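>>> show me how the following folds:
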Amino acid sequence: MPKLIGPRQSYPVGVTIAGTRTGGVTENFLSEGAGSFPSVTGPQDVPPEILDRLRPVCLGLPETYEEPAWIGTRWRIRQRTFAHVYLVDPDHQAALARAAGSDEPVCVLTFRSSGDELAALTGGGHPFFKPDWGADVIGMVLDDGVDWEEVGELLTESYCLRAPKKLVARVDRPAELDAFTGPLE
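Below is the predicted model of the structure:
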């Protein structure tokens, strides 16, 4: 079974987590050379620069961990996925590529949303789209125009929808966003 990345596991060499450069090695994220990531070789691989942007946000939330998914990488709180990033290849995932509005390989992030925010994101168009699974799942194309601050806020809110109340209470989030989401019991 592959090693998980989380609060008590090791991180890939050179990954910055909450401002600290790490020195551990995790097998699924590194190639033979210590500190280097594998090149993108197939539809399941996510560019390392995308992972470098998402890891500090996702792993900075209480009790989260990272693991390889059926495709790409996902972040979870306990057994609940709150973020999943992967590369969509139109030759292999045509329906998802159509939903994302692309006929070229594209990197996609899926996360959870609710209420007015869910409606706004669903109706807002590019870079957001509605995948065909989960009533509260939103997809976002991670292209050159991505607003990484917005991604951080959306992932924090997704976490707050999936995490228990006691963990949500430890998350620093703007008061106006509390109206959009509420934690699980």
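>>> can we go C-alpha only for contacts and neighbour counts from here?
Will do.
>>> show me where the chain has strands.
Taking DSSP state E as the criterion, the chain contains strands spanning 16-17, 20-21, 64-68, 73-77, 80-88, 106-112, 128-129, 137-141.
>>> got those strands as JSON lines, with mean neighbour count columns?
Shown next, in JSON lines, are these (neighbours: other CA atoms under 10 Å):
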{"stretch": "strand 16-17", "mean neighbour count": "16"}
{"stretch": "strand 20-21", "mean neighbour count": "12"}
{"stretch": "strand 64-68", "mean neighbour count": "21"}
{"stretch": "strand 73-77", "mean neighbour count": "23"}
{"stretch": "strand 80-88", "mean neighbour count": "23"}
{"stretch": "strand 106-112", "mean neighbour count": "22"}
{"stretch": "strand 128-129", "mean neighbour count": "22"}
{"stretch": "strand 137-141", "mean neighbour count": "22"}
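>>> mean pLDDT lowest for which of those strands?
When these are compared by mean pLDDT, strand 20-21 comes last with a mean of 34.
>>> ok, back up a step: can I get the strands of the chain in TSV with distance to Val46?
Output for the strands of the chain, formatted as TSV (distance: least, CA to CA, whole Å):
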stretch	distance to Val46
strand 16-17	17
strand 20-21	21
strand 64-68	11
strand 73-77	8
strand 80-88	6
strand 106-112	7
strand 128-129	18
strand 137-141	13
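>>> any idea which of the ones you listed gets closest to Glu153?
Among these, the nearest to Glu153 by CA to CA is strand 106-112 (11.2 Å).
>>> give me the helices and strands touching the closest one, please.
strand 80-88, strand 137-141, helix 148-162 (3 or more CA pairs under 8 Å, 6 or more residues apart in numbering; DSSP states H and E).
>>> what's in contact with the first one?
By CA atoms under 8 Å, 6 or more residues apart in numbering, the list of residues contacting strand 80-88 from outside reads 43-46, 58, 69, 71-76, 96-97, 105-112, 155, 158-159, 162-163.
>>> ok, Gly72 touching Val46?
Yes: between Gly72 and Val46 there is a contact at 6.0 Å, judged by CA atoms under 8 Å.
>>> show me the shaky parts of the protein.
Scanning the chain with the threshold set as pLDDT under 70 gives 1-44, 90-103, 174-185.
>>> how does it look with 90?
For the chain, residues meeting the criterion pLDDT under 90 lie at 1-45, 70-71, 87-106, 122-126, 129-134, 143-145, 172-185.
>>> related to what we said a few turns ago, who wins for proximity to Val171 among the strands of the chain?
That would be strand 64-68 among the strands of the chain, by CA to CA, at 12.1 Å.
>>> what is the orientation angle of the closest one with helix 148-162?
100 degrees (axes from the mean of the first three to the mean of the last three CA atoms, to 10 degrees).
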